[in-house]
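K.L.:
After the sequence you'll find the predicted model.
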Amino acid sequence: MLSDILCGLENVHGANIIHKDFHSGNIFIKNQPGSAVSVVIGDFGISKSALEDDDNEIYGIIPYVAPEVLQGQKYTKASDIYGFGMIMWELMTGRRPFWDKPHDTDLILEICDGLRPPIVTNAPKGYIKLMKECCHSDPNKRPTVINITLKVSLMLLGDKYNSVKITKSSDIGPITTNNPGAIYKSRSLSAMIKSAESTRNLKTQSSLYYDPSNTKEGKRKFDSKLIGDIEDDVKDKGIKKIKLSKNKDYLTRELEFDIVKDINSSNTNNHCK
């Protein structure tokens, strides 16, 4: 089956076309009486030339969408290769990737941070390594479809003489539980991707103000000049500084704003008329 899928993908990429929605739901088994069973790739509704740059709308099934696309970058042939890597995982386990998770903004963020489906069983020599290469976070480090075809051919040849017995596990095979949050139907993901991007930006901005590695106790960083200005202002206005408190999370300065008697007496005639 892998060989047939690769043959189809090789034809697609050879024509300089990017599928853009490459997942197991778009792979069809062709079974005609009197002919061998074959596998074909379908649903080219949103496919495009690799020369086009217009990716205003993003469609797909979250587990099969490459992390760079989930971060707003344009589709490339390497994005299709990522989807192929997820199909390899599906064929290995008999389950769809991330079947047990909600397909939401949180999953998008986790995938962009490197989350991949777990390796829960054994496979022919080289299979898991190739699958991981296809799912690499860096699209430039993913193999091309031609390289994958060569590796799979060698893998099948090796398995012919030294077959691998798949270890039985409760983590492989069809699932009986239904997860309504796992959506395996292509849909527009643009709004969710924008929401994930906003969340990531907020986290990035927060990290600018709180750096756990700054000191041994992970204290909040303050601008020393700003603290100096505050202390000068405290002296000028007669504000009494009472203590410097510290806990395990932050270093803060607590100020008691008690007005000095001299200031009170100097302002006795400053009443509203």
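P.N.:
Yep, it's here.
K.L.:
For residue 122, give me its contacts.
P.N.:
Counting by C-beta atoms under 8 Å, 6 or more residues apart in numbering, residue 122 makes contact with 164, 166-167. Every C-beta, even on glycine, is put in place using the N, C-alpha and C of the backbone.
K.L.:
Go again with 10 Å.
P.N.:
Residue 122 makes contacts with 92, 128, 164-167, 169, as judged by C-beta atoms under 10 Å, 6 or more residues apart in numbering.
K.L.:
And those residues, which is closest to residue 64?
P.N.:
Among these, residue 92 lies closest to residue 64 (C-beta to C-beta), at 15.0 Å.
K.L.:
correct me, but that closest one touches residue 132?
P.N.:
No - using C-beta atoms under 10 Å, residue 92 is not in contact with residue 132, being 11.7 Å away.
K.L.:
Identify the contacts common to the two.
P.N.:
Listed as contacting both residue 92 and residue 132 by C-beta under 10 Å, 6+ apart are residue 119.
K.L.:
Quick check on the two: which one has the bigger neighbour count.
P.N.:
When residue 92 and residue 132 are compared for neighbours, residue 92 comes out ahead with 20 against 14, by other C-beta atoms under 10 Å.
K.L.:
which SS class is the closest residue to that one other than its chain neighbours?
P.N.:
Setting aside the residues directly before and after it, residue 92 is nearest to residue 123 in space (C-beta to C-beta, 6 or more residues apart in numbering), at 5.4 Å. Put simply, residue 123 is coil when judged by DSSP: H, G, I helix; E, B strand; the rest coil.
K.L.:
can you tell me which residues contact residue 123?
P.N.:
By C-beta under 10 Å, 6+ apart, the residues touching residue 123 are 88-89, 91-93, 129-131, 155, 159, 164, 166-167.
K.L.:
Would you confirm that residue 142 contacts residue 81?
P.N.:
Yes - assessed by C-beta under 10 Å, residue 142 is found in contact with residue 81 at 4.6 Å.
K.L.:
For the contacts of residue 122, which entry has the maximal number of neighbours?
P.N.:
Neighbour counts for the contacts of residue 122 (other C-beta under 10 Å) peak at residue 92, which has 20 neighbours.
K.L.:
Which pLDDT does the model give that residue?
P.N.:
The model reports residue 92 with a pLDDT of 92.
K.L.:
name the element it belongs to?
P.N.:
Applying DSSP states H and E as the criterion places residue 92 in helix 77-93.
K.L.:
Pull out the buried positions in that helix.
P.N.:
For helix 77-93, burial by neighbour count (16 or more other C-beta atoms under 10 Å) applies to 77-90, 92-93.
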